[in-house]
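Peer 1: Here you go, sequence then predicted model.
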Amino acid sequence: MDCWDQHDKGDVMVTPPPLKNDCFALPPGVDWTPVDDALAQLKSALRCVVSTETVDISEARDLFVAQDVIAPRASPPKANSAVDGYGFAGSLANEEEVIRLALHPERAAAGVPMQSAVAEGQAVRILTGAQLPEGVDTVVLQEDVATDGQEVVFHGPLKLGANTRKAGEDVQPANVMLTTGQRLRATDLSLAASVGISQIECFRRLRIGVLSTGDEVCDVTQSAAPHQIYDANRPMLLSLIAAWGFVAVDLGHVNDDRDQLRERLDHAQENVDVLLTSGGASAGDEDHLSALLSETGSIEFWRIAVKPGRPLAMGMWGAMPIFGLPGNPVAAATCAMIFARPSFNVLAGGHWMMPQSYWVKASFEKRKKPGRREYLRARLIGDQVEVFKSEGSGRISGLSWANGFVELPDHAVTIRHGDLVKFIPFDSFN
Ligand code: AMP
Ligand code: MG
(Lines give C-alpha, C1' and ligand atoms only; values in the text may rest on other atoms or scores of the structure.)
(Ligands and ions follow the chains in the order given, each with its own letter.)
Protein backbone atom coordinates (compact mmCIF):
# COMPACT_ATOMS: atom_id res chain seq x y z
CA MET A 1 0.00 0.00 0.00
CA ASP A 2 1.33 3.43 -0.82
CA CYS A 3 1.76 5.78 2.11
CA TRP A 4 -0.74 8.30 0.88
CA ASP A 5 -3.45 5.67 0.66
CA GLN A 6 -3.46 5.62 4.43
CA HIS A 7 -4.77 9.15 4.47
CA ASP A 8 -8.00 7.99 2.91
CA LYS A 9 -8.87 6.61 6.32
CA GLY A 10 -8.43 10.06 7.77
CA ASP A 11 -5.34 9.38 9.88
CA VAL A 12 -2.05 11.14 9.23
CA MET A 13 0.85 8.74 9.34
CA VAL A 14 3.55 10.08 11.61
CA THR A 15 6.37 7.55 11.45
CA PRO A 16 6.31 5.34 8.39
CA PRO A 17 7.37 1.71 8.79
CA PRO A 18 10.68 0.71 7.17
CA LEU A 19 10.88 -0.68 3.66
CA LYS A 20 11.06 -4.44 3.27
CA ASN A 21 14.47 -6.03 2.83
CA ASP A 22 13.40 -7.51 -0.51
CA CYS A 23 11.98 -4.31 -1.96
CA PHE A 24 14.49 -4.30 -4.78
CA ALA A 25 13.89 -7.92 -5.80
CA LEU A 26 13.32 -8.26 -9.51
CA PRO A 27 11.31 -11.10 -11.04
CA PRO A 28 13.43 -14.29 -10.92
CA GLY A 29 14.76 -15.97 -14.02
CA VAL A 30 15.18 -12.87 -16.12
CA ASP A 31 18.72 -12.36 -17.34
CA TRP A 32 18.67 -8.74 -18.44
CA THR A 33 15.70 -6.92 -16.99
CA PRO A 34 13.98 -4.49 -19.35
CA VAL A 35 13.97 -0.89 -18.14
CA ASP A 36 10.18 -0.83 -17.87
CA ASP A 37 10.15 -3.92 -15.62
CA ALA A 38 12.80 -2.40 -13.38
CA LEU A 39 10.80 0.82 -13.13
CA ALA A 40 7.62 -1.13 -12.41
CA GLN A 41 9.39 -2.94 -9.56
CA LEU A 42 10.53 0.33 -8.01
CA LYS A 43 7.10 1.84 -8.43
CA SER A 44 5.32 -1.03 -6.72
CA ALA A 45 7.80 -1.82 -3.93
CA LEU A 46 8.83 1.60 -2.72
CA ARG A 47 6.80 3.84 -0.47
CA CYS A 48 7.13 6.90 1.65
CA VAL A 49 9.89 6.80 4.29
CA VAL A 50 9.55 10.26 5.79
CA SER A 51 7.29 11.55 8.55
CA THR A 52 4.97 14.53 8.28
CA GLU A 53 5.26 18.02 9.67
CA THR A 54 3.48 21.37 9.49
CA VAL A 55 5.41 23.70 7.21
CA ASP A 56 5.14 27.45 6.56
CA ILE A 57 4.38 28.03 2.90
CA SER A 58 7.58 30.04 2.59
CA GLU A 59 9.45 26.76 3.24
CA ALA A 60 7.16 24.37 1.42
CA ARG A 61 8.20 24.56 -2.21
CA ASP A 62 8.94 21.08 -3.65
CA LEU A 63 7.54 19.32 -0.59
CA PHE A 64 4.80 16.71 -0.98
CA VAL A 65 1.38 17.34 0.55
CA ALA A 66 0.62 14.93 3.43
CA GLN A 67 -3.00 15.87 3.97
CA ASP A 68 -5.53 17.28 1.50
CA VAL A 69 -5.71 21.05 1.75
CA ILE A 70 -9.29 22.33 2.11
CA ALA A 71 -10.21 25.94 1.35
CA PRO A 72 -11.36 27.68 4.56
CA ARG A 73 -12.92 30.61 2.67
CA ALA A 74 -14.02 31.66 -0.80
CA SER A 75 -11.74 33.34 -3.29
CA PRO A 76 -12.52 36.03 -4.08
CA PRO A 77 -14.37 36.50 -0.78
CA LYS A 78 -16.79 39.08 -2.27
CA ALA A 79 -17.90 39.98 -5.78
CA ASN A 80 -15.61 42.72 -7.13
CA SER A 81 -14.72 44.68 -10.20
CA ALA A 82 -12.33 43.21 -12.78
CA VAL A 83 -11.58 46.61 -14.36
CA ASP A 84 -11.42 50.33 -13.70
CA GLY A 85 -14.80 51.76 -14.75
CA TYR A 86 -18.31 52.58 -13.59
CA GLY A 87 -20.62 50.21 -11.75
CA PHE A 88 -24.41 50.07 -11.96
CA ALA A 89 -27.33 47.63 -12.02
CA GLY A 90 -26.89 45.60 -15.20
CA SER A 91 -30.53 45.19 -16.09
CA LEU A 92 -30.30 48.75 -17.41
CA ALA A 93 -27.84 47.83 -20.09
CA ASN A 94 -29.73 45.31 -22.15
CA GLU A 95 -30.79 47.78 -24.75
CA GLU A 96 -28.92 48.85 -27.83
CA GLU A 97 -29.11 52.47 -26.92
CA VAL A 98 -27.28 55.27 -25.20
CA ILE A 99 -27.42 54.84 -21.45
CA ARG A 100 -27.18 57.90 -19.27
CA LEU A 101 -26.74 57.54 -15.49
CA ALA A 102 -26.24 59.99 -12.65
CA LEU A 103 -22.80 59.76 -11.07
CA HIS A 104 -22.88 58.58 -7.44
CA PRO A 105 -20.82 60.89 -5.17
CA GLU A 106 -18.74 58.09 -3.52
CA ARG A 107 -15.98 56.04 -5.12
CA ALA A 108 -15.47 52.27 -4.76
CA ALA A 109 -11.77 51.38 -4.44
CA ALA A 110 -10.00 48.06 -3.62
CA GLY A 111 -9.83 47.52 0.12
CA VAL A 112 -12.20 50.42 0.90
CA PRO A 113 -15.81 49.18 0.99
CA MET A 114 -18.41 51.84 0.22
CA GLN A 115 -20.74 53.11 2.92
CA SER A 116 -23.85 53.74 0.79
CA ALA A 117 -25.77 51.82 -1.84
CA VAL A 118 -26.03 52.74 -5.51
CA ALA A 119 -29.57 53.55 -6.46
CA GLU A 120 -31.32 52.69 -9.71
CA GLY A 121 -30.40 55.19 -12.40
CA GLN A 122 -26.99 55.80 -10.79
CA ALA A 123 -23.47 54.67 -11.65
CA VAL A 124 -20.48 54.73 -9.33
CA ARG A 125 -16.78 55.18 -10.07
CA ILE A 126 -15.21 51.78 -9.31
CA LEU A 127 -11.62 50.55 -9.45
CA THR A 128 -10.18 47.09 -10.12
CA GLY A 129 -10.54 44.79 -7.11
CA ALA A 130 -13.11 46.98 -5.35
CA GLN A 131 -15.97 45.08 -3.74
CA LEU A 132 -19.19 45.70 -5.68
CA PRO A 133 -21.33 48.11 -3.63
CA GLU A 134 -24.94 47.30 -2.93
CA GLY A 135 -26.96 47.98 -6.09
CA VAL A 136 -24.08 47.20 -8.49
CA ASP A 137 -23.73 43.97 -10.48
CA THR A 138 -22.21 45.17 -13.75
CA VAL A 139 -19.26 47.40 -14.65
CA VAL A 140 -18.61 49.35 -17.83
CA LEU A 141 -14.99 50.00 -18.80
CA GLN A 142 -13.82 53.56 -18.20
CA GLU A 143 -12.60 53.69 -21.82
CA ASP A 144 -16.17 53.18 -23.02
CA VAL A 145 -17.67 56.00 -20.96
CA ALA A 146 -17.99 59.74 -21.37
CA THR A 147 -18.51 61.78 -18.19
CA ASP A 148 -18.74 65.41 -17.18
CA GLY A 149 -18.51 64.66 -13.46
CA GLN A 150 -22.32 64.72 -13.11
CA GLU A 151 -23.39 61.97 -15.48
CA VAL A 152 -21.86 58.98 -17.20
CA VAL A 153 -22.92 58.09 -20.72
CA PHE A 154 -22.18 54.90 -22.67
CA HIS A 155 -23.64 52.58 -25.31
CA GLY A 156 -25.57 49.38 -24.51
CA PRO A 157 -25.92 46.53 -24.62
CA LEU A 158 -23.72 45.26 -21.83
CA LYS A 159 -24.09 41.75 -20.43
CA LEU A 160 -25.41 41.48 -16.90
CA GLY A 161 -22.35 40.92 -14.67
CA ALA A 162 -19.89 42.21 -17.28
CA ASN A 163 -16.40 43.06 -16.00
CA THR A 164 -17.05 41.65 -12.54
CA ARG A 165 -15.71 38.67 -10.63
CA LYS A 166 -18.20 36.60 -8.65
CA ALA A 167 -17.59 35.68 -5.03
CA GLY A 168 -16.00 32.20 -4.94
CA GLU A 169 -15.56 32.00 -8.71
CA ASP A 170 -11.95 30.85 -8.21
CA VAL A 171 -12.27 28.76 -5.04
CA GLN A 172 -15.35 27.79 -3.05
CA PRO A 173 -15.13 27.20 0.70
CA ALA A 174 -14.54 23.47 1.44
CA ASN A 175 -13.04 22.87 -2.02
CA VAL A 176 -10.11 20.43 -1.99
CA MET A 177 -7.40 22.62 -3.47
CA LEU A 178 -4.31 20.46 -3.05
CA THR A 179 -4.31 16.71 -2.68
CA THR A 180 -2.14 14.31 -0.72
CA GLY A 181 0.99 13.28 -2.60
CA GLN A 182 0.97 16.39 -4.77
CA ARG A 183 4.26 18.27 -5.04
CA LEU A 184 4.05 21.94 -4.09
CA ARG A 185 5.09 24.40 -6.78
CA ALA A 186 5.23 28.18 -6.54
CA THR A 187 1.78 28.41 -8.09
CA ASP A 188 0.29 26.00 -5.52
CA LEU A 189 1.66 28.15 -2.71
CA SER A 190 -0.07 31.12 -4.30
CA LEU A 191 -3.34 29.19 -4.36
CA ALA A 192 -2.98 28.29 -0.67
CA ALA A 193 -2.17 31.88 0.28
CA SER A 194 -5.18 33.17 -1.69
CA VAL A 195 -7.53 31.59 0.84
CA GLY A 196 -5.44 32.42 3.89
CA ILE A 197 -3.53 29.16 4.33
CA SER A 198 -0.07 29.94 5.69
CA GLN A 199 0.92 26.41 6.73
CA ILE A 200 0.55 23.03 5.04
CA GLU A 201 0.89 19.51 6.41
CA CYS A 202 3.75 18.06 4.33
CA PHE A 203 6.14 15.18 4.28
CA ARG A 204 9.53 16.17 5.68
CA ARG A 205 12.01 16.92 2.89
CA LEU A 206 13.76 13.70 1.86
CA ARG A 207 17.46 13.63 2.80
CA ILE A 208 19.62 11.95 0.19
CA GLY A 209 23.25 11.09 0.90
CA VAL A 210 25.93 10.91 -1.78
CA LEU A 211 29.05 8.80 -1.29
CA SER A 212 31.84 8.13 -3.79
CA THR A 213 34.03 5.05 -3.66
CA GLY A 214 37.34 4.02 -5.18
CA ASP A 215 41.07 4.18 -4.39
CA GLU A 216 41.67 6.06 -7.63
CA VAL A 217 39.13 8.77 -6.80
CA CYS A 218 40.36 12.05 -5.31
CA ASP A 219 38.24 14.87 -3.90
CA VAL A 220 38.38 17.90 -6.18
CA THR A 221 39.61 20.12 -3.35
CA GLN A 222 42.71 17.92 -2.93
CA SER A 223 45.62 17.53 -5.31
CA ALA A 224 45.34 14.32 -7.31
CA ALA A 225 48.37 12.05 -7.69
CA PRO A 226 49.15 11.02 -11.31
CA HIS A 227 47.41 7.65 -10.84
CA GLN A 228 44.26 9.28 -9.49
CA ILE A 229 41.20 10.84 -11.08
CA TYR A 230 39.08 13.60 -9.62
CA ASP A 231 35.70 12.79 -8.17
CA ALA A 232 33.36 13.92 -10.93
CA ASN A 233 30.30 12.10 -9.61
CA ARG A 234 29.75 13.62 -6.22
CA PRO A 235 29.41 17.28 -7.26
CA MET A 236 27.09 16.21 -10.07
CA LEU A 237 24.86 14.00 -7.93
CA LEU A 238 24.68 16.52 -5.07
CA SER A 239 23.73 19.24 -7.48
CA LEU A 240 21.10 17.10 -9.23
CA ILE A 241 19.52 16.25 -5.89
CA ALA A 242 19.34 19.91 -4.90
CA ALA A 243 17.81 20.78 -8.29
CA TRP A 244 15.24 18.05 -7.73
CA GLY A 245 14.16 19.76 -4.50
CA PHE A 246 15.54 17.30 -1.96
CA VAL A 247 18.18 17.75 0.75
CA ALA A 248 21.57 16.72 -0.65
CA VAL A 249 23.94 15.42 2.02
CA ASP A 250 27.61 15.16 1.08
CA LEU A 251 29.00 11.99 2.67
CA GLY A 252 32.38 12.36 1.03
CA HIS A 253 34.54 9.68 -0.48
CA VAL A 254 35.70 6.33 0.81
CA ASN A 255 38.56 4.11 -0.36
CA ASP A 256 38.12 0.54 -1.53
CA ASP A 257 38.21 -0.72 2.03
CA ARG A 258 35.41 -2.81 3.41
CA ASP A 259 35.65 -1.71 7.03
CA GLN A 260 35.82 1.96 6.12
CA LEU A 261 32.83 1.57 3.85
CA ARG A 262 30.89 -0.29 6.54
CA GLU A 263 31.54 2.55 8.98
CA ARG A 264 30.47 5.09 6.39
CA LEU A 265 27.23 3.24 5.69
CA ASP A 266 26.49 3.10 9.42
CA HIS A 267 27.10 6.84 9.62
CA ALA A 268 24.92 7.46 6.56
CA GLN A 269 22.08 5.50 8.06
CA GLU A 270 21.98 7.93 11.00
CA ASN A 271 21.88 10.99 8.76
CA VAL A 272 19.97 10.33 5.56
CA ASP A 273 16.80 8.64 4.34
CA VAL A 274 18.33 7.13 1.21
CA LEU A 275 21.86 6.79 -0.13
CA LEU A 276 23.32 7.16 -3.62
CA THR A 277 26.77 5.64 -3.98
CA SER A 278 28.89 5.56 -7.08
CA GLY A 279 31.49 2.94 -7.95
CA GLY A 280 32.18 -0.40 -6.33
CA ALA A 281 28.83 -1.80 -7.32
CA SER A 282 29.97 -4.63 -9.59
CA ALA A 283 31.12 -8.08 -8.53
CA GLY A 284 34.90 -7.47 -8.71
CA ASP A 285 37.48 -7.89 -5.91
CA GLU A 286 37.32 -4.21 -5.03
CA ASP A 287 33.55 -3.91 -5.27
CA HIS A 288 32.99 -3.67 -1.56
CA LEU A 289 29.54 -2.13 -1.69
CA SER A 290 28.22 -5.27 -3.37
CA ALA A 291 30.03 -7.42 -0.82
CA LEU A 292 28.61 -5.52 2.15
CA LEU A 293 25.09 -5.52 0.77
CA SER A 294 25.43 -9.27 0.23
CA GLU A 295 26.12 -9.62 3.97
CA THR A 296 22.78 -7.99 4.76
CA GLY A 297 21.00 -10.38 2.43
CA SER A 298 19.27 -7.49 0.67
CA ILE A 299 21.60 -7.11 -2.32
CA GLU A 300 19.96 -7.14 -5.68
CA PHE A 301 22.18 -6.94 -8.70
CA TRP A 302 20.21 -5.11 -11.26
CA ARG A 303 21.33 -6.26 -14.65
CA ILE A 304 19.18 -3.87 -16.58
CA ALA A 305 18.99 -3.87 -20.35
CA VAL A 306 20.08 -0.28 -20.56
CA LYS A 307 22.94 1.60 -22.14
CA PRO A 308 24.84 3.28 -20.59
CA GLY A 309 24.73 1.46 -17.29
CA ARG A 310 26.48 -1.49 -15.77
CA PRO A 311 24.78 -3.43 -13.00
CA LEU A 312 23.21 -1.38 -10.29
CA ALA A 313 23.61 -2.69 -6.75
CA MET A 314 20.36 -2.09 -4.92
CA GLY A 315 19.89 -2.95 -1.28
CA MET A 316 18.96 -1.99 2.25
CA TRP A 317 21.41 -0.98 4.98
CA GLY A 318 19.18 -1.27 8.01
CA ALA A 319 16.22 0.93 7.13
CA MET A 320 18.17 2.92 4.52
CA PRO A 321 17.69 2.06 0.86
CA ILE A 322 20.85 2.26 -1.24
CA PHE A 323 21.09 2.90 -4.95
CA GLY A 324 24.57 1.69 -5.88
CA LEU A 325 25.26 3.53 -9.11
CA PRO A 326 28.00 2.57 -11.56
CA GLY A 327 31.25 4.56 -11.22
CA ASN A 328 31.35 5.83 -14.76
CA PRO A 329 29.96 9.35 -14.63
CA VAL A 330 27.77 9.00 -17.72
CA ALA A 331 26.27 5.77 -16.44
CA ALA A 332 25.96 7.23 -12.93
CA ALA A 333 24.09 10.28 -14.25
CA THR A 334 21.82 8.22 -16.48
CA CYS A 335 20.93 5.68 -13.80
CA ALA A 336 20.41 8.47 -11.24
CA MET A 337 17.94 10.23 -13.53
CA ILE A 338 16.13 7.22 -14.94
CA PHE A 339 15.90 4.95 -11.87
CA ALA A 340 16.67 6.95 -8.74
CA ARG A 341 14.82 10.15 -9.57
CA PRO A 342 11.29 8.71 -9.80
CA SER A 343 12.00 6.51 -6.78
CA PHE A 344 12.86 9.56 -4.70
CA ASN A 345 9.42 11.01 -5.36
CA VAL A 346 7.80 7.95 -3.84
CA LEU A 347 10.22 7.78 -0.89
CA ALA A 348 9.46 11.48 -0.26
CA GLY A 349 5.68 10.96 -0.10
CA GLY A 350 4.77 11.76 -3.69
CA HIS A 351 3.51 9.87 -6.68
CA TRP A 352 5.67 7.99 -9.13
CA MET A 353 6.83 10.34 -11.87
CA MET A 354 7.82 9.92 -15.47
CA PRO A 355 9.87 12.73 -17.01
CA GLN A 356 8.16 14.76 -19.71
CA SER A 357 9.38 13.78 -23.17
CA TYR A 358 8.88 15.15 -26.68
CA TRP A 359 9.04 13.74 -30.18
CA VAL A 360 11.49 15.80 -32.17
CA LYS A 361 13.31 15.47 -35.48
CA ALA A 362 16.70 13.76 -35.45
CA SER A 363 19.61 15.58 -37.01
CA PHE A 364 21.71 12.41 -36.76
CA GLU A 365 21.74 8.86 -38.11
CA LYS A 366 22.05 5.68 -36.10
CA ARG A 367 21.43 1.95 -36.29
CA LYS A 368 20.62 0.33 -33.00
CA LYS A 369 20.60 -3.41 -32.24
CA PRO A 370 17.77 -5.03 -30.28
CA GLY A 371 18.10 -5.77 -26.55
CA ARG A 372 19.01 -2.68 -24.61
CA ARG A 373 17.23 0.64 -24.24
CA GLU A 374 19.65 3.47 -24.98
CA TYR A 375 19.94 6.94 -23.54
CA LEU A 376 22.08 9.08 -25.81
CA ARG A 377 23.47 12.41 -24.66
CA ALA A 378 21.52 14.81 -26.80
CA ARG A 379 21.13 18.46 -27.48
CA LEU A 380 17.95 20.09 -28.64
CA ILE A 381 18.64 23.02 -30.95
CA GLY A 382 15.50 24.65 -32.30
CA ASP A 383 13.23 21.76 -33.29
CA GLN A 384 16.04 19.31 -34.09
CA VAL A 385 18.01 17.06 -31.79
CA GLU A 386 21.66 16.14 -32.16
CA VAL A 387 23.56 13.44 -30.27
CA PHE A 388 27.07 13.57 -28.83
CA LYS A 389 29.78 12.29 -31.10
CA SER A 390 30.90 9.58 -28.67
CA GLU A 391 28.86 7.07 -26.70
CA GLY A 392 31.74 6.25 -24.30
CA SER A 393 30.44 6.24 -20.75
CA GLY A 394 33.49 8.04 -19.38
CA ARG A 395 32.88 11.05 -21.60
CA ILE A 396 31.78 13.68 -19.13
CA SER A 397 32.18 16.37 -21.79
CA GLY A 398 29.19 14.84 -23.56
CA LEU A 399 27.07 15.12 -20.42
CA SER A 400 28.04 18.76 -20.12
CA TRP A 401 27.38 19.36 -23.83
CA ALA A 402 23.92 17.76 -23.68
CA ASN A 403 20.66 19.30 -22.50
CA GLY A 404 18.79 16.00 -22.43
CA PHE A 405 18.63 12.39 -23.55
CA VAL A 406 17.43 10.81 -26.73
CA GLU A 407 15.75 7.59 -25.61
CA LEU A 408 15.91 4.77 -28.14
CA PRO A 409 13.53 1.82 -27.63
CA ASP A 410 14.48 -1.69 -26.49
CA HIS A 411 14.02 -3.09 -29.99
CA ALA A 412 16.18 -2.46 -33.05
CA VAL A 413 15.78 0.86 -34.84
CA THR A 414 17.36 2.68 -37.70
CA ILE A 415 17.23 6.44 -37.32
CA ARG A 416 17.61 8.67 -40.37
CA HIS A 417 17.79 12.44 -40.58
CA GLY A 418 14.35 13.91 -39.95
CA ASP A 419 12.92 10.83 -38.18
CA LEU A 420 11.08 11.56 -34.96
CA VAL A 421 12.92 10.48 -31.81
CA LYS A 422 12.00 10.75 -28.15
CA PHE A 423 13.82 13.59 -26.39
CA ILE A 424 13.84 13.93 -22.60
CA PRO A 425 15.16 17.32 -21.42
CA PHE A 426 17.33 17.12 -18.29
CA ASP A 427 15.07 19.83 -16.86
CA SER A 428 12.09 17.52 -16.95
CA PHE A 429 13.60 15.56 -14.06
CA ASN A 430 13.38 18.65 -11.84
P1 AMP B 1 33.65 1.16 -10.74
O2 AMP B 1 32.17 1.12 -10.90
O3 AMP B 1 34.09 1.42 -9.33
O4 AMP B 1 34.27 -0.08 -11.29
O5 AMP B 1 34.16 2.36 -11.62
C6 AMP B 1 33.94 2.39 -13.01
C7 AMP B 1 34.72 3.50 -13.65
O8 AMP B 1 34.25 4.75 -13.17
C9 AMP B 1 36.20 3.48 -13.33
O10 AMP B 1 36.91 3.88 -14.49
C11 AMP B 1 36.34 4.50 -12.24
O12 AMP B 1 37.63 5.05 -12.16
C13 AMP B 1 35.30 5.53 -12.64
N14 AMP B 1 34.81 6.26 -11.47
C15 AMP B 1 34.38 5.73 -10.32
N16 AMP B 1 33.99 6.66 -9.46
C17 AMP B 1 34.20 7.84 -10.07
C18 AMP B 1 34.01 9.20 -9.70
N19 AMP B 1 33.49 9.50 -8.50
N20 AMP B 1 34.31 10.16 -10.58
C21 AMP B 1 34.79 9.85 -11.81
N22 AMP B 1 35.00 8.59 -12.22
C23 AMP B 1 34.71 7.60 -11.37
MG1 MG C 1 35.73 1.32 -8.11
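Peer 2: Thanks, I have it. Numbers count the residues shown, from 1 in each chain. Ligands and ions are numbered 1, 2, ... in the order given.
Peer 1: average model confidence for the helix or strand encompassing A268?
Peer 2: Per DSSP states H and E, A268 falls inside helix 258-271. For helix 258-271, mean pLDDT is 96.
Peer 1: and that helix, anywhere near ligand 2?
Peer 2: No: residues of helix 258-271 contacting ligand 2 under Cβ under 5 Å from the ion: none, with a closest distance of 11.1 Å. From N, CA and C alone the C-beta is placed, and that goes for glycine too.
Peer 1: mind listing what P34 touches?
Peer 2: Counting by Cβ atoms under 8 Å, 6 or more residues apart in numbering, P34 touches 304-305, 373, 410.
Peer 1: same thing but at 10 Å, please
Peer 2: Going by Cβ atoms under 10 Å, 6 or more residues apart in numbering, P34 touches 40, 304-306, 371-373, 410.
Peer 1: so of those, which ones are in strands?
Peer 2: Using DSSP state E, the members of the contacts of P34 that fall in strands are 306, 373.
Peer 1: outside of the helix holding A268, which residues touch it?
Peer 2: With Cβ under 10 Å, 6+ apart, helix 258-271 has contacts from 207, 209-211, 213, 249, 251-255, 257, 274-275, 277, 280, 286, 288-289, 291-293, 295-296, 316-320, 322.
Peer 1: hmm, back to that, what's the closest of the contacts of P34 to C48?
Peer 2: Closest approach to C48 among the contacts of P34 (Cβ to Cβ): A40, at 18.4 Å.
Peer 1: can you give me the helices in the protein?
Peer 2: If DSSP state H is used as the criterion, the helices of the chain fall at 35-45, 186-194, 233-243, 258-271, 288-296, 329-335, 341-347, 396-401.
Peer 1: what about the residue in the stretch 301-430 of the chain that ligand 2 sits nearest to, distance to D215?
Peer 2: With Cβ to the ion, the shortest gap between the stretch 301-430 of the chain and ligand 2 falls at G327, namely 5.0 Å. According to Cβ to Cβ, to the nearest Å, G327 stands 12 Å off from D215.
Peer 1: Equivalent analysis for P226, please.
Peer 2: In this view, P226 and D215 are 14 Å apart by Cβ to Cβ.
Peer 1: Out of the two, name the residue with the larger neighbour count.
Peer 2: A direct count of neighbours by other Cβ atoms under 10 Å for P226 and D215 places D215 higher, at 13 against 4.
Peer 1: Now do the same contact list for the more buried one.
Peer 2: For D215, the contact set (Cβ under 10 Å, 6+ apart) comprises 227-228, 254-257, 279, 286.
Peer 1: out of these, which are inside strands?
Peer 2: Among the contacts of D215, the members found in strands (DSSP E) are V254.
Peer 1: Show the pLDDT at I208.
Peer 2: Per-residue pLDDT puts I208 at 98.
Peer 1: For it, which residues count as its bridge partners?
Peer 2: A248, V274 (DSSP bridges).
Peer 1: In this structure it contacts A248, no?
Peer 2: Yes: if you go by Cβ atoms under 10 Å, I208 and A248 touch, sitting 6.1 Å apart.
Peer 1: Can you tell me which of the helices of the chain is packed in deepest?
Peer 2: Among the helices of the chain, helix 329-335 has the highest mean neighbour count (mean count of other Cβ atoms under 10 Å), at a mean of 25.
Peer 1: ok, is that helix in contact with ligand 1 or not?
Peer 2: Yes: counting by Cβ under 6 Å from any ligand atom, ligand 1 has neighbours in helix 329-335: P329.
Peer 1: show me the contacts for S190.
Peer 2: Counting by Cβ under 10 Å, 6+ apart, S190 touches I57.
Peer 1: so what strands line up beside the helix or strand of the chain with the lowest mean pLDDT?
Peer 2: One helix or strand of the chain scores below all others by mean pLDDT, DSSP states H and E: strand 300-302, with a mean of 80. Looking at strand 300-302 with DSSP bridges, its partner strands are strand 312-317 (antiparallel).
Peer 1: tell me the angle the strand it pairs with makes with helix 258-271.
Peer 2: 70 degrees (axes from the mean of the first three to the mean of the last three Cα atoms, to 10 degrees).
Peer 1: what's the average pLDDT for strand 312-317?
Peer 2: On average, strand 312-317 scores 90.
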